[in-house]
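Colleague: structural data only, the sequence is not supplied:
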């Protein structure tokens with residue numbers, strides 16, 4: 001009975017919302033959509049007073065941001081870092097970052113203050129099959145906010161919050177396996193602690209705050225290593 005009442009309550013709320021004329025979010029603007037990679041501009045309901053868009057990031061800045069994002073394994077039972085491994089591995093290889101960077105730069109350059117850039121990428125592992133890396137990013141002042149929802153995560157990574165396979169291609173900010181990892185960043189000189197920006201306009205606690213990395217673009221530019229340019233294939 002409790003589940004039935006809950007379902008009825010949700011149905012009533014949805015009906016009231018529809019009758020009330022609440023507008024749906026605008027459709028995404030596709031920058032690139034050719035398997036295995038999708039990049040779009042999507043409306044961000046948590047944009048506050050507005051992001052600093054359009055934003056012009058250099059190729060070096062975007063490459064340094066993508067190459068600096070790391071993944072550290074996390075305890076999947078408690079959701080805390082007590083039993084996590086201390087080491088981290090790159091979320092993107094240099095080749096993956098080189099392909100993704102131009103599209104993300106284009107998305108941020110075309111985004112409005114109400115939007116964010118999102119990405120969804122598939123890679124294939126010999127033993128694990130297809131793996132998903134997805135998330136979004138936006139710019140606030142000199143800070144680049146990156147949400148890494150999934151990092152080479154199997155769509156079959158069922159946890160207690162997911163009892164079935166999850167397809168997140170159209171919802172890149174949804175974590176398939178929420179407690180599998182924590183996002184990190186190097187160099188640490190460009191990594192802004194979440195507590196330093198928590199509560200500020202433009203900061204919204206994601207489903208799991210450990211998936212959010214805030215990067216100081218000024219510091220990143222100063223420490224960005226030389227990179228090789230890879231022209232995306234059309």
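Modeller: Nice, thanks for sending it over. Note that the coordinates shown come from a computational prediction; the quantities given were computed from them, not determined experimentally.
Colleague: report pLDDT for the residue sitting nearest the centre point of the chain.
Modeller: Centroid check for the chain by CA atoms, centre = their mean gives residue 135 as the closest residue, at 2.0 Å. The model reports residue 135 with a pLDDT of 96.
Colleague: relative to residue 114, how far out is residue 55?
Modeller: According to CB to CB, to the nearest Å, residue 55 and residue 114 sit 13 Å apart. C-betas here are computed from N, CA, C, even on glycine.
Colleague: same thing with residue 40?
Modeller: Counting by CB to CB - residue 40 and residue 114 are separated by 14 Å.
Colleague: the two - which one has more neighbours?
Modeller: Just comparing residue 40 and residue 114: by other CB atoms under 10 Å the higher neighbour count belongs to residue 40, 22 against 18.
Colleague: on the C-terminal side of the helix or strand harbouring that one, identify the next helix or strand.
Modeller: Element membership for residue 40 (DSSP states H and E) is strand 37-43. Scanning forward in sequence from strand 37-43 by DSSP H and E, the next helix or strand is helix 59-68.
Colleague: who are the packing partners of that next one?
Modeller: Secondary-structure packing of helix 59-68 (3 or more CB pairs under 8 Å, 6 or more residues apart in numbering; DSSP states H and E): helix 94-110, helix 217-223.
Colleague: just want the angle from it to helix 94-110.
Modeller: 130 degrees (axes from the mean of the first three to the mean of the last three CA atoms, to 10 degrees).
Colleague: quick one: helix 59-68 to chain centroid distance?
Modeller: 15 Å (CA atoms, centre = their mean, to the nearest Å).
Colleague: now stretch 204-219
Modeller: Remark: stretch 204-219 is offset 10 Å from the chain centroid, using CA atoms, centre = their mean.
Colleague: thinking residue 184 is in contact with residue 88, fair?
Modeller: Yes - between residue 184 and residue 88 there is a contact under CB atoms under 8 Å: 4.6 Å.
Colleague: so what sits against both of the two?
Modeller: Common contacts of residue 184 and residue 88, defined by CB atoms under 8 Å, 6 or more residues apart in numbering, comprise 70-72.
Colleague: show me these that map onto helices.
Modeller: Judged by DSSP state H, the shared contacts of residue 184 and residue 88 include no members of helices.
Colleague: what is the nearest of those to residue 26?
Modeller: Nearest to residue 26 among the shared contacts of residue 184 and residue 88 is residue 71, at 31.5 Å by CB to CB.
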